[in-house]
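> this is a predicted model, with the sequence first.
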Amino acid sequence: MKRQILFVLIFMFAATFAIAQQENQFTQFMYNKLYVNPAYAGARGIPSFTALYRNQWTGFKGAPQSKLLSFNSPLFGDRVGFGLTVSNHTLGIQNKWDASMAYSYNVEITDESSVRFGLQGSVQYQGLDFSDPSVEIRESGDQSILYDEELTQYDGNFGMGMYVNIKNTYFGASIPHFFPSELGINPNQVPEIARNFAHFYFMAGTMVPINSKIQFKPSIMTKYVKGAPFDLDFNASLMFDEKFTAGLSYRLGGDGTGDSVDLLAMYQVNSLGIGVAYDFTLSDVNEAATGSFEVLLRYDLIKERGDMANPRFFF
């Protein structure tokens, strides 16, 4: 119990003193770990499907939208994990697809602790549709604009991660895309080319019993990329009767003043989990748009209710 309390205090310290992003982000990161960490594949000990939809900055024309579908499962007992993720992200005239395959290997330390090491390979497609009738050309002669054309580009990448589970506590570190890649499509070879550099992620969470019916579940995820501000998401949730979870998150903004405050809820009944989240925007974007929302569905292939006793089921 003392170790769990210390872990919670570390969370509070990190959330207080951490002062940010190119890759897409999700508010319900604690239920979508495979997206950023291949070592998570198979970590819950059961085959599991996850579908997620995010609509960011509702009311803002051309605002980001994200859709994701993933599957992960242990193989050969609990020794090996396998995962697949497909996601689509749109922003204005940009349309991006990502597909990745993850492999993890589990090293058991004790009956209640293990370390997983993960690798993944991924393929990315991105397109820019300048023929979209909604495009407004404000500066004619811009060399980066190919009028009335649709451009496409494909890239491959490689990622790695580590995921540690100690009883009812976890933490992990990962680099989902190791090699830098071009951001956007630039057939005219304009001198300045934007690039997407490796993103470094750290995640952690625990589950602290308050009584026989209520559990406290804090979690945190940090993101760092060269040339961009440090980013942090912190969540504090309560789980009631091993079915309903409700919580509050805070996302640190790039200017250090905060990006959003988020409300989350998750209801788990047998094999089906339904999660929702709503972000209240704190940045200047809220002058032109309302908040962001997410909907998550998770379906687990479990045979009996007894699996619910394993804390990994809730992570």
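Perfect, I can see it now.
> skipping adjacent residues, who's closest to residue 81 in space?
residue 42 (2.2 Å; C-beta to C-beta, 6 or more residues apart in numbering). Where you see a C-beta, it was placed from the backbone N, CA and C, and this is true even at glycine.
> with residue 109 as the reference, measure out to the one you found.
Taking C-beta to C-beta, to the nearest Å as the criterion, residue 42 is separated from residue 109 by 16 Å.
> more neighbours, these two?
Ranked by neighbour count (other C-beta atoms under 10 Å), residue 42 and residue 109 place residue 42 first, with 30 against 11.
> pLDDT score assigned to that one?
Residue 42 carries a pLDDT value of 93.
> just to be sure, it is in a strand?
No - looking at residue 42 with DSSP: H, G, I helix; E, B strand; the rest coil, it is coil, so not inside a strand.
> in contact with it, which residues?
Neighbour list for residue 42: 72, 73, 74, 75, 78, 80, 81, 82, 83, 104, 106, 116 [criterion: C-beta atoms under 8 Å, 6 or more residues apart in numbering].
> do the same with residue 24
By C-beta under 8 Å, 6+ apart, the residues touching residue 24 are 54, 64, 66, 87, 89.
> any idea how far the closest residue to the second one other than its chain neighbours is from residue 25?
If I follow you right, that is residue 64. Spatial nearest neighbour of residue 64, excluding adjacent residues (C-beta to C-beta, 6+ apart): residue 56 at 4.3 Å. Here the criterion is C-beta to C-beta. By it, residue 56 lies 9 Å from residue 25.
> those two: which is more packed in?
Each of residue 56 and residue 25 has its neighbours counted (other C-beta under 10 Å); residue 56 has more, 24 against 20.
> these two touch, right, the more buried one and residue 292?
Yes - Residue 56 is within contact range of residue 292, at 4.2 Å (criterion: C-beta atoms under 8 Å).
> shared neighbours, the two?
Both residue 56 and residue 292 are in contact with residue 279, where contact means C-beta under 8 Å, 6+ apart.
> if you count neighbours, what's buried in stretch 241-253?
Of the residues in stretch 241-253, 245, 247, 249, 250, 251, 252, 253 count as buried by neighbour count, 16 or more other C-beta atoms under 10 Å.
> likewise for stretch 102-120?
Judged by neighbour count (16+ other C-beta under 10 Å), stretch 102-120 contains these buried residues: 102, 103, 104, 106, 114, 115, 116, 118, 119, 120.
> look up which helix or strand the second one falls in, please.
In the assignment (DSSP states H and E), residue 103 maps to strand 94-110.
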